[in-house]
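Peer 1: Sequence and predicted structure, then a few things I'm wondering about:
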Amino acid sequence: MDGWMDGWMDGWMDGWMGGWVDGLLLTIGITSSFQMQFMLLFSRQGKLRLQKWYVPLSDKEKKKITRELVQTVLARKPKMCSFLEWRDLKIVYKRYASLYFCCAIEDQDNELITLEIIHRYVELLDKYFGSVCELDIIFNFEKAYFILDEFLLGGEAQETSKKNVLKAIEQADLLQEDTKVSFSPSFLMVWSRNAAEVRDSCRGSEQADWV
Amino acid sequence: MPAPIRLRELIRTIRTARTQAEEREMIQKECAAIRSSFREEDNTYRCRNVAKLLYMHMLGYPAHFGQLECLKLIASQKFTDKRIGYLGAMLLLDERQDVHLLMTNCIKNDLNHSTQYVQGLALCTLGCMGSSEMCRDLAGEVEKLLKTSNSYLRKKAALCAVHVIRKVPELMEMFLPATKNLLSEKNHGVLHTSVVLLTEMCERSPDMLAHFRKLVPQLVRILKNLIMSGYSPEHDVSGISDPFLQVRILRLLRILGKGDDDSSEAMNDILAQVATNTETSKNVGNAILYETVLTIMDIKSESGLRVLAINILGRFLLNNDKNIRYVALTSLLKTVQTDHNAVQRHRSTIVDCLKDLDVSIKRRAMELSFALVNGNNIRGMMKELLYFLDSCDPEFKADCASGVFLAAEKYAPSKRWHIDTIMRVLTTAGSYVRDDSVPNLIQLITNSVEMHAYTVQRLYKALLDDISQQPLVQVASWCIGEYGDLLISGQCEEEEPIQVTEDEVLDVLEGLLVSNLSSPVTRGYSLTAIMKLSTRFSSVNRIKKVVSIYGSSIDVELQQRAVEYNALFKKYDHMRPALLERMPIMEKTASNGPTEIVQTNGEAEPSVVEPKHPPPVGQPASQGNDLLDLLGGNDVPVIPTTMPTKPASAGGELLDLLGDLSLGGPAPAPPAPASQPPFLLDGLSSQPLFNDIAAAGIPPMTAYNKNGLKIDFTFERANPNPNVAVITIHASNSTEADMTDFVFQAAVPKTFQLQLLSPSSNVVPALNQGTVTQVIRVLNQQKQQLRMRIKLTYIHKGSAVQDLAEVNNFPPQSWQ
């Protein structure tokens, strides 16, 4: 029964959206006042690179929100602060090179620590890929998701030690290789440590490209 | 069949597309290949295909046909398949699709898998997208994992439990035994997630809150160890030991200490310690300080500690990092009510933030500045804020202007200052002020008798400078009409008097009538002002001429006025001086809502004040009604008398012109225009002039009545569009506990359109002690039978309630 609105909603609220969408966000808001609602990564050109939603929304709403936020954030000048109020939520964003990392948090949440969470995620990506760049995230988007899921769960940090997150990812990667191609584990350890050097070639087909 | 191309290969190919169309073509081709591979139940490449699909999904292309494939991957034995399958499920599925329930069994199996990484994937997916049904089915498994000794699983299980509790609050107690040893854990991941879990439980249930208060000493000890311990590379962030955990503990302490003396007492010292010992050169230290400040402000802390907290925010204001300045302003705004004096000390820094380049900071600074205005600093603060109003972006002007009005009304040191200030706002930001500022200012001016000459002179001068700011022009016209004689006589003590002639004044007013900058309302003000001057000036003939010209204006409102004024000249000339006499001093009234002032100066009959919801009347007699409504305000009572057809016999009713008469539409207008006090002679009506067919008389109905929550609908037909039904919901609560976080949602079939306005409150008070009202507007072009589905969510006695209902028994009048 939860999905009953879907069929009814498409298309008929054009021009009347305001009250409705706000209402939906209000509903999200009552669950808790500290939860991260979603995280988006997008490029300076406005291309979405990663999206993680911690609240259930229809595809249409997700697209609408993404479009709106990408526009708003990209329109902000570099000298401005990293926070903006948007509907009932607070948006915390930060630009790293060509990528924007953007989180929606709730009213009671701490913006400054959210910046640290973003930063921690960037550090994890950086460690994993070896000085990460946008291309790494484009070509290995699934890895970017795996790292995020090993760091945050349901919008909350599950691990505060970088080492533990990376260890978990490495071992899960190993497991993946074990079941797929028979690489020796030691080779893989070397591979992930020297990812920076190998990654250009490994984006091709010769190594470790399991899908 | 050849092997499908690899994911990276596909990404590379797609990235070579030069146009959107080219990209779309590539993707369509690939999608076709993927579909056929899915159809063939190809197990080898399913994983690769789903991964490719996820990439296309991110680019915005539809990928729902991969949903079932994700489920198949999850059921596979290979870790690679599971990893991509779960990722796909989280991206492509959510609780809105019933398909997600098919995962429940797989997740259950995987939660009991022998490999922790498989268990981890299952926990992660459940904690990210588990619906309430799923949570109910799997809560037991989560609880088991919360008790394992494996910290990798335990931390995930704790956050999963948080998700389960958010979805199904009544499952909370199930996790209570498992929380017992959580805080004695050494692993920071487990500690951190446990604190999150405890926070969630405390927030949701007062019983849990009371139960967990005993944990305060333990939390204090953990926090103390964190700040005292030396460098630990594993959890260090710029020299601070595990800031994430510190922030979480501070937040839990805040909830535990709120409103509880003993707990607050127990955490006083550690809060002071954190506040003084935390390194502030980096963002991360400030994040902790910020959380500490919030905690100090929320619990029952000692006054010394509160001052310390506000001073931390004061230091934040001077920080180079704009993010820190922003949070400082936000939190000062929260505390300004309770710690006014402490915040006041940072006033000059706050005012400086008005000049910040960042709009977010500016807005906060503006709000805070207004909160700091008081009787002692009003002159200085207003100078800054008016300067800000001059220079700020348009988006700020409306809020800033109404802030100035409010502050001036509350703390004005003198009437002259008050009038000057408002005029300053009208001249600099006139087009941004709210509608009700015109009548408010007029009222203020009328009541300051000694300022009349000064005001009218100032306004006249302002008119000469600029006639584009409509509110200013309206006030000025009104004043010139009222006090034209004072303007001509040149008696002004406050300022150098100006010399003007009657003709010059009339030139200006007539200029307003013809100017295309003037709005219709402004023209009305101007015409009435000219009319009033007929008793204050000697040039009556010129005025007669103007009035008669507008007797044929194409603007119906203006024409009507002119015709009536003409009649006043011709038929009731003997009454004209009395009718146009200066307005009496008005009593202060509530600034919103219909005014019910009865004038007692003998000029006007006591006005007809009707109850807000007039009884239904049949077709109102139109002609006479319209005629008499000319001067009416825009309150909307019905005149229940039979209308005289010959105005000659209607001396008494004519006098009612000054009263509270108004237009005939018996349906109360939408709330917006209820702004101008209806007793002003000039209150131009913004109502349409036609008589609407009575929509009153649609019987109210009860749409929902369950568990003590009753929702009644009352109906109106919107003016002017009869296809719009305006439904007001009235929610009442007959139980003995308040219903909080009340949210009402409605959906209608596609042939209708629906708009929900914001509710009057989100708390439905207990024992029927009040109602929550919310207006729904339904556009029903095709006049079909109205059907509606409603969804209600609220929190009652600590547990969340959600219910759906379909409403089909709308009275036929509401949609026909």
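Peer 2: Everything's here; your move. Everything quoted here is computed from the prediction, not taken from an experiment.
Peer 1: mind showing which ranges of the chain have poor pLDDT?
Peer 2: Because you didn't say which chain, this covers chain A. A:1-34, A:178-211 (pLDDT under 70).
Peer 1: other chain: chain B
Peer 2: Applying pLDDT under 70 to chain B flags residues B:1, B:492-494, B:587-697, B:717-722, B:815-816.
Peer 1: Please parse it into its domains.
Peer 2: If you go by the TED database, the domain ranges for chain B are B:435-580, B:701-814.
Peer 1: Quick one: closest of these to chain A.
Peer 2: Minimum separation from chain A across the domains of chain B (Cβ to the nearest Cβ) falls at domain B:701-814, 3.9 Å. Heads up, the C-betas are built off the backbone N, CA and C, glycines and all.
Peer 1: Let me see the ranges of the strands in chain A.
Peer 2: Ranges of strands in chain A, per DSSP state E, are A:38-43, A:48-53, A:83-86, A:89-96, A:99-105, A:152-153, A:156-157.
Peer 1: buried residues in stretch B:153-173?
Peer 2: By neighbour count with 16 or more other Cβ atoms under 10 Å in any protein chain shown, stretch B:153-173 contains the buried residues B:153-169, B:171-172.
Peer 1: meant to ask about stretch B:269-281
Peer 2: Counting neighbours by 16+ other Cβ under 10 Å, the buried set in stretch B:269-281 is B:270-275, B:278.
Peer 1: And for it, what's in contact with it?
Peer 2: B:220, B:223-224, B:227, B:238-240, B:246, B:250, B:253, B:285-286, B:288-289, B:292-293, B:295-296, B:301, B:305, B:308-309, B:312, B:315 (Cβ atoms under 8 Å, 6 or more residues apart in numbering or on different chains).
Peer 1: do that again at 6 Å, thanks
Peer 2: B:220, B:223-224, B:227, B:239, B:285-286, B:288-289, B:292, B:296, B:305, B:308 (Cβ atoms under 6 Å, 6 or more residues apart in numbering or on different chains).
Peer 1: same deal with stretch B:241-253?
Peer 2: Looking at what lies outside stretch B:241-253 - Cβ under 6 Å, 6+ apart - the contacts are A:110, A:113, A:157, A:160, B:188, B:192, B:195, B:198-199, B:219, B:223, B:226, B:229, B:232, B:235, B:237, B:267, B:284, B:288, B:291-292, B:295.
Peer 1: still on that earlier bit, just put the domains of chain B in CSV and tack on mean neighbour count.
Peer 2: Putting the domains of chain B into CSV (neighbours: other Cβ atoms under 10 Å in any protein chain shown) gives the following:
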stretch, mean neighbour count
domain B:435-580, 19
domain B:701-814, 17
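Peer 1: Of the buried residues of stretch B:153-173, which are in range of chain A?
Peer 2: Near chain A, judged by Cβ under 6 Å from any Cβ of the partner chain, the entries from the buried residues of stretch B:153-173 are B:155-156, B:159, B:163, B:166.
Peer 1: Name the residues of stretch A:157-168 that are buried.
Peer 2: By neighbour count with 16+ other Cβ under 10 Å, stretch A:157-168 contains the buried residues A:157-162, A:164-166, A:168.
Peer 1: for stretch B:375-392, same thing?
Peer 2: B:378, B:381-382, B:384-386, B:388-389, B:392.
Peer 1: likewise stretch B:17-34?
Peer 2: Neighbour-count burial for stretch B:17-34, counted by 16+ other Cβ under 10 Å, picks out B:23, B:26-27, B:30-31, B:33-34.
Peer 1: For B:Leu426, state which of those residues is nearest.
Peer 2: B:Glu23 (54.3 Å; Cβ to Cβ).
Peer 1: Go ahead and confirm that closest one touches B:Thr16.
Peer 2: No - counting by Cβ atoms under 6 Å, B:Glu23 sits too far from B:Thr16 to count as a contact (9.3 Å).
Peer 1: A:Ala104 against A:Leu89, yeah?
Peer 2: Yes - with contact defined as Cβ under 6 Å, A:Ala104 reaches A:Leu89; the gap is 4.6 Å.
Peer 1: Who has more neighbours out of these two?
Peer 2: Looking at A:Ala104 and A:Leu89 with other Cβ atoms under 10 Å in any protein chain shown, you find the greater number of neighbours at A:Ala104, namely 28 against 22.
Peer 1: how much space between the more buried one and chain B?
Peer 2: 15 Å (Cβ to the nearest Cβ, to the nearest Å).
Peer 1: Report the separation between that residue and A:Leu125.
Peer 2: 20 Å (Cβ to Cβ, to the nearest Å).
Peer 1: swap in B:Glu736?
Peer 2: 54 Å.
Peer 1: picking up where we left off before, any chance of the ones next to chain A among the buried residues of stretch B:153-173 in a markdown table, with secondary structure too?
Peer 2: Output for these, formatted as a markdown table (DSSP: H, G, I helix; E, B strand; the rest coil):
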| residue | secondary structure |
| --- | --- |
| B:Lys155 | helix |
| B:Lys156 | helix |
| B:Leu159 | helix |
| B:His163 | helix |
| B:Arg166 | helix |
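Peer 1: Now flag whichever of those is closest to B:Ile795.
Peer 2: B:Arg166 (12.4 Å).
Peer 1: Any figure for the gap between the closest residue to chain B within chain A and B:Pro765?
Peer 2: Using Cβ to the nearest Cβ, the closest approach of chain A to chain B is made by A:Leu112 at 3.5 Å. From A:Leu112 across to B:Pro765, the span is 37 Å (Cβ to Cβ).
Peer 1: Kindly report the same for A:Lys62.
Peer 2: 36 Å.
Peer 1: do the same with B:Gly403
Peer 2: 31 Å.
Peer 1: what do you get for A:Thr66?
Peer 2: 39 Å.
Peer 1: again with A:Glu106
Peer 2: 25 Å.
Peer 1: Highest mean neighbour count out of the strands of chain A?
Peer 2: The highest average neighbour count among those, using mean count of other Cβ atoms under 10 Å in any protein chain shown, belongs to strand A:152-153 at a mean of 26.
Peer 1: So which residues make contact with that strand?
Peer 2: For strand A:152-153, the surrounding residues in contact (Cβ under 6 Å, 6+ apart) are B:124, B:127, B:156, B:159.
Peer 1: residues touching the residue in the stretch 401-550 of chain B that chain A sits nearest to, list them.
Peer 2: The stretch 401-550 of chain B approaches chain A most closely through B:Gly403 (17.6 Å), counting by Cβ to the nearest Cβ. The contact partners of B:Gly403, by Cβ under 6 Å, 6+ apart, come to B:Phe370.
Peer 1: hang on, it in a helix?
Peer 2: Yes - with three-state DSSP as the criterion, B:Gly403 is assigned to a helix.
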